[in-house]
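Colleague: have a look at this prediction, sequence included:
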Amino acid sequence: MSTPDSIEHDDPDLLQVLESLDFGHWHGLLMELCSRFDGWIVDYLQAPESSPDYRPLVDIAQILREFPHDKAGNDVEMAKAIAGCDFLVRAARDRWGGRVCWDPFSETYAAFAQRFPDRYPYWEAHPARGGSALTAWMLKRLQRGDKSDLRPIE
């Protein structure tokens with residue numbers, strides 16, 4: 001996996017870290033979650049040089065570094081921890097109506113950005129869906145063993 005300079009080259013990859021905490025079954029789900037946000041940081045910072053966007057993976061790696069070993073293997077605690085990632089607390093809003101336009105559980109950021117002519121929506125620190133909705137979504141996906149295409153939150 002390619003990583004930004006802020007992560008050391010000898011650090012274990014995401015799957016290794018997850019497996020060390022008995023969360024190897026989270027790998028596909030976390031990769032899907034990150035893919036939903038691909039490209040948001042470029043528009044958020046209005047900085048094309050921020051591509052490719054490693055921010056979601058970096059945030060998740062930080063959560064895993066700090067994850068308490070006594071809660072290893074506890075899916076509920078893992079879901080709550082991931083729901084607290086910084087990249088999940090942004091909402092893109094319509095410039096004219098102010099409503100939340102992008103819901104990462106309904107479409108990827110790339111799909112949303114294609115619908116925006118100027119690609120720089122207003123940003124707010126209140127996500128389209130809260131942490132409890134994200135936690136529930138992750139746990140439901142884990143229970144079903146979903147590793148398929150992106151589907152809206154139910």
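Modeller: Good, I have the coordinates.

Colleague: okay, CA-based contacts and neighbour counts for the rest of this
Modeller: OK.

Colleague: tell me which helix or strand comes right after the lowest-mean-pLDDT helix or strand in the chain.
Modeller: Among the helices and strands of the chain, strand 122-124 carries the lowest confidence by mean pLDDT, DSSP states H and E, at a mean of 68. Helices and strands here follow DSSP states H and E; after strand 122-124, the next one along the chain is helix 131-144.

Colleague: how about that following helix: buried residues?
Modeller: 131, 134, 135, 136, 137, 138, 139, 142 (16 or more other C-alpha atoms under 10 Å).

Colleague: could you show me where the strands are in the chain, in order?
Modeller: 91-93, 122-124 (DSSP state E).

Colleague: nearest to residue 15, of the buried residues of helix 131-144?
Modeller: Ranking the buried residues of helix 131-144 by separation from residue 15, with C-alpha to C-alpha as the measure, puts residue 142 on top at 15.8 Å.

Colleague: you'd agree that closest one is up against residue 26?
Modeller: Yes - contact status for residue 142 versus residue 26: in contact at 7.5 Å, counting by C-alpha atoms under 8 Å.

Colleague: quick check: residue 27 vs residue 106, distance?
Modeller: Remark: distance between residue 27 and residue 106 (C-alpha to C-alpha, to the nearest Å) = 21 Å.

Colleague: again, but for residue 82
Modeller: On the measure of C-alpha to C-alpha, residue 82 and residue 106 end up 19 Å apart.

Colleague: who has more neighbours, these two?
Modeller: residue 82 (22 against 15; other C-alpha atoms under 10 Å).

Colleague: any idea what sits nearest residue 135, other than its immediate chain neighbours?
Modeller: Closest residue in space to residue 135, ignoring its immediate chain neighbours: residue 79 at 5.0 Å, by C-alpha to C-alpha, 6 or more residues apart in numbering.

Colleague: tally up the residues packed near the closest residue to residue 47 other than its chain neighbours, please.
Modeller: Leaving aside its sequence neighbours, residue 47 sits nearest to residue 41 (C-alpha to C-alpha, 6+ apart; 7.9 Å). Applying other C-alpha under 10 Å, we find 20 residues neighbouring residue 41.
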